[in-house]
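Asks: Fold the stuff below for me.
(4 chains)
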There are 2 protein chains.
Amino acid sequence: MSKKNGESTPKNTLGMDVSVDCVVFGFDNDTLKVLLIEQKQPDTIHLKTQKAVPGDLVLDNESLDEAAKRILQELTSLKGIYLKQFHAFGDPNRVRGLKDQQWLRTFRVNPERRVLTIGYYSLVKLSEFKPKAASFAGHTYWVDVYNIPSLAFDHNEIVHKALLMLRHELMADHIGFELLPEKFTLSQLQKLYEIILDKKLDKRNFRKNILRTETVTALEEKQQGVLHKPAQLFTKK
Amino acid sequence: MSKKNGESTPKNTLGMDVSVDCVVFGFDNDTLKVLLIEQKQPDTIHLKTQKAVPGDLVLDNESLDEAAKRILQELTSLKGIYLKQFHAFGDPNRVRGLKDQQWLRTFRVNPERRVLTIGYYSLVKLSEFKPKAASFAGHTYWVDVYNIPSLAFDHNEIVHKALLMLRHELMADHIGFELLPEKFTLSQLQKLYEIILDKKLDKRNFRKNILRTETVTALEEKQQGVLHKPAQLFTKK
DNA sequence: GATACTTCGTGTGCTAAATACACTTTCAAA
DNA sequence: TTTGAAAGTGTATTTAGCACACGAAGTATC
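Replies: Have a look, this model is predicted:
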């Protein structure tokens, strides 16, 4: 926000579109997953389908956080989802790949227009997740975060950076339970940490640490229907 | 980046301007400072001057990092300045304050247009800093980060968040020396840490920690011209 | 050249946290 | 009752954090 030179020659640029892209993480007790959308193409054209992270243009009177929340709620009816802005991606040519352009032409007024995107990641409880019917044109599905296919735009980079940020925040703020059901065992939590951080942890030390941070509390309840000693259930806070 | 519904009705928004704002930190051996610009107003109008962090609109073919670099180089001729993107500020009304609008009208084609800004912070060696003459309309000056006046737009919030992010990164990555001259003593470095983190540190433990991280190396040289035992000089890496 | 002044530079003991490591317990199923 | 499978727990060792005080190396002054 600076004024160049003394003269009052107004200064401007063409501006750009701004979007929000959400890297939605989920955990199924075995793998850390990311939610992708595969867009159906109008069937007259036989383009290869494009896979992408859910996102949308920011509306004219909407803050970034509001836009991210809206995008998530178009996918799921969950409220109170954990959401965090993590980076702005501003390469001037990030939507100018050939396939990206062909795709954008099918639904944007100005497909060649520059788009800045703000990356958010969110943590959802996979157990409670139900994709809203027909909310998006394409269907949604989960893929292993360590085995992401080739995505539209710079979305591979966005997912990769989201994972790095998630790791940092997991260590700093112990937000892991956001990915688990309301009630969970410490073993589930440990496995989640191990998969996100991509390394094995010692069971006893892990429990000591988690209990010391006091981000979870023990319930009176135990796991049921398992064919081994049932674990105590915990819940957040 | 999502297509709503099956139909091919193109979707769009009015777009917005995108700017980059740089919170430039400097250290003068006593206080942590932030660089501000005070804009001269056309003298026909007697508005109060506006103080702000340096920033500018992102040009049409410029990445965010490039824009930040350009803004910094309009202020100083230093190369290789430490620069880090830390947050996007997207409140739809963040430039719509009364005084902000009066000011913007003096140099923007569309002063009421929404502006998204990407916050960067940068670390400069105050000793080597020479503001470029007449580079900006207003004059630049340094203020104590703990005593920032009222700024234009949401720049107070931007500075505040930049400081928080700087603290985190200082602890994690030990980038403190970026604010010091090429050659510095460990006492200088410690004082810098104390001021950024806003707490006292123990001398012996601080030294142990810094030397263990191996982010600095000792020179053969000693401080000169001090009226006490001269300290050993260090340099980065 | 002795003295005063100021910051530099260092070592140790104590406490707290991080790590490594293995066996018994509890339940369901066969 | 035996088997299987994960749960749950304690201790010893190592490493990091922290509090603490004094001699050393220069400059300035008299």
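
Asks: any chance you could map the strands in chain A?
Replies: A:17-27, A:32-39, A:50-52, A:55-57, A:82-89, A:115-123, A:139-144, A:216-222, A:232-236 (DSSP state E).

Asks: can you tell which of those strands is closest to DNA strand D?
Replies: With respect to DNA strand D, and counting by C-beta to the nearest atom of the strand, the nearest of those is strand A:232-236 at 3.3 Å. C-betas here are computed from N, CA, C, even on glycine.

Asks: From the rest of the structure, what touches that closest one?
Replies: A:177-178, A:182-186, A:189, A:215-219, A:221-223 (C-beta atoms under 8 Å, 6 or more residues apart in numbering or on different chains).

Asks: repeat that for 7 Å
Replies: Residues outside strand A:232-236 that contact it (C-beta atoms under 7 Å, 6 or more residues apart in numbering or on different chains) are A:177, A:182-186, A:215-219, A:221-223.

Asks: Now do the nearest residue to residue A:69 once chain neighbours are set aside against residue A:103, distance only.
Replies: The spatial neighbour of residue A:69 that comes closest, neighbours along the chain excluded (C-beta to C-beta, 6 or more residues apart in numbering or on different chains), is residue A:83 at 6.6 Å. Here the criterion is C-beta to C-beta, to the nearest Å. By it, residue A:83 lies 26 Å from residue A:103.

Asks: Which one of these two is surrounded by more residues?
Replies: residue A:103 (25 against 18; other C-beta atoms under 10 Å in any protein chain shown).

Asks: Just the angle for the longest helix out of those in chain A relative to strand A:139-144, thanks.
Replies: With secondary structure taken from DSSP state H, chain A has its longest helix at helix A:155-173. Using axes from the mean of the first three to the mean of the last three C-alpha atoms, to 10 degrees, the inter-axis angle of helix A:155-173 relative to strand A:139-144 is 60 degrees.

Asks: Quick one: list the elements packing against helix A:155-173.
Replies: strand A:17-27, strand A:82-89, strand A:115-123, helix A:186-197 (3 or more C-beta pairs under 7 Å, 6 or more residues apart in numbering or on different chains; DSSP states H and E).

Asks: rewinding a little: right, and the strands of chain A - which one's nearest DNA strand C?
Replies: Here strand A:216-222 is closest among the strands of chain A (C-beta to the nearest atom of the strand), at 6.5 Å.

Asks: got the residues of chain A near DNA strand D?
Replies: Proximity of chain A to DNA strand D (C-beta under 7 Å from any atom of the strand) is limited to residues A:185-187, A:203-205, A:207, A:222, A:227-232.

Asks: Let's have those residues in TSV, adding distance to residue B:61.
Replies: As requested, the residues of chain A next to DNA strand D are exported to TSV (distance: C-beta to C-beta, whole Å):
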residue	distance to residue B:61
A:185	53
A:186	52
A:187	52
A:203	54
A:204	56
A:205	52
A:207	54
A:222	61
A:227	62
A:228	61
A:229	63
A:230	61
A:231	57
A:232	59
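
Asks: now residue A:207: how far from residue A:216?
Replies: 10 Å.

Asks: Those two: who's more crowded?
Replies: Comparing residue A:207 with residue A:216 by other C-beta under 10 Å, the one with more neighbours is residue A:216, at 19 against 15.

Asks: May I ask you to confirm that the more buried one is in contact with residue A:210?
Replies: Yes - using C-beta atoms under 7 Å, residue A:216 makes contact with residue A:210 at a distance of 6.3 Å.

Asks: Could you chop chain A up by domain?
Replies: Chain A breaks down into these structural domains: A:17-173, A:181-236 (assignment by automatic domain parsing).

Asks: if we can go back for a sec, ok, now which ones touch the residue nearest to residue A:69?
Replies: Residue A:83 neighbours (C-beta under 7 Å, 6+ apart): A:68-69, A:72, A:120, A:122.

Asks: Run through the bridge partners of the closest residue to residue A:87 other than its chain neighbours.
Replies: Computed as C-beta to C-beta, 6+ apart, the closest residue to residue A:87 that is not its neighbour in sequence is residue A:119, at 4.7 Å. Under DSSP bridges, the beta-bridge partners of residue A:119 are residue A:21, residue A:87.

Asks: Quick check: residue A:60 vs residue B:13, distance?
Replies: For residue A:60, the distance to residue B:13 - C-beta to C-beta - is 5 Å.

Asks: Could you report the pLDDT at the residue nearest to residue A:69?
Replies: On pLDDT, residue A:83 comes in at 97.

Asks: for residue A:207, what are its contacts?
Replies: Shown in contact with residue A:207 (C-beta under 7 Å, 6+ apart): residue A:186.

Asks: correction: residue A:71
Replies: Residue A:71 sits in contact with A:20, A:22, A:54-56, where contact means C-beta under 7 Å, 6+ apart.

Asks: Would you mind listing what in chain A touches DNA strand C?
Replies: So chain A meets DNA strand C at A:202-205, A:208-209, A:212, A:222, A:226-230 (C-beta under 7 Å from any atom of the strand).

Asks: and if we set it to 6 Å?
Replies: Taking C-beta under 6 Å from any atom of the strand as the measure of proximity, chain A contacts DNA strand C at A:202-205, A:208-209, A:227-230.

Asks: which one of the helices and strands packed on helix A:155-173 lies closest to residue A:155?
Replies: Relative to residue A:155, the nearest member of those by C-beta to C-beta is strand A:17-27, separated by 6.9 Å.

Asks: Give the rounded mean pLDDT of the closest one.
Replies: On average, strand A:17-27 scores 97.

Asks: what residue ranges in chain A are flagged as low confidence?
Replies: Across chain A, the ranges flagged by pLDDT under 70 are A:1-12, A:40-47, A:133-137.

Asks: Now do the contacts for the residue most central in space within it.
Replies: Computing the C-alpha centroid of chain A and ranking residues by C-alpha atoms, centre = their mean puts residue A:23 first, at 1.9 Å. For residue A:23, the contacting residues are A:34, A:53, A:119, A:121, A:158-159, A:162, by C-beta under 7 Å, 6+ apart.

Asks: possible to save the residues you listed as JSON lines with distance to residue A:132 and neighbour count?
Replies: Shown next, in JSON lines, are these (distance: C-beta to C-beta, whole Å; neighbours: other C-beta atoms under 10 Å in any protein chain shown):
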{"residue": "A:34", "distance to residue A:132": "18", "neighbour count": "23"}
{"residue": "A:53", "distance to residue A:132": "17", "neighbour count": "28"}
{"residue": "A:119", "distance to residue A:132": "22", "neighbour count": "27"}
{"residue": "A:121", "distance to residue A:132": "20", "neighbour count": "26"}
{"residue": "A:158", "distance to residue A:132": "23", "neighbour count": "25"}
{"residue": "A:159", "distance to residue A:132": "22", "neighbour count": "21"}
{"residue": "A:162", "distance to residue A:132": "22", "neighbour count": "25"}
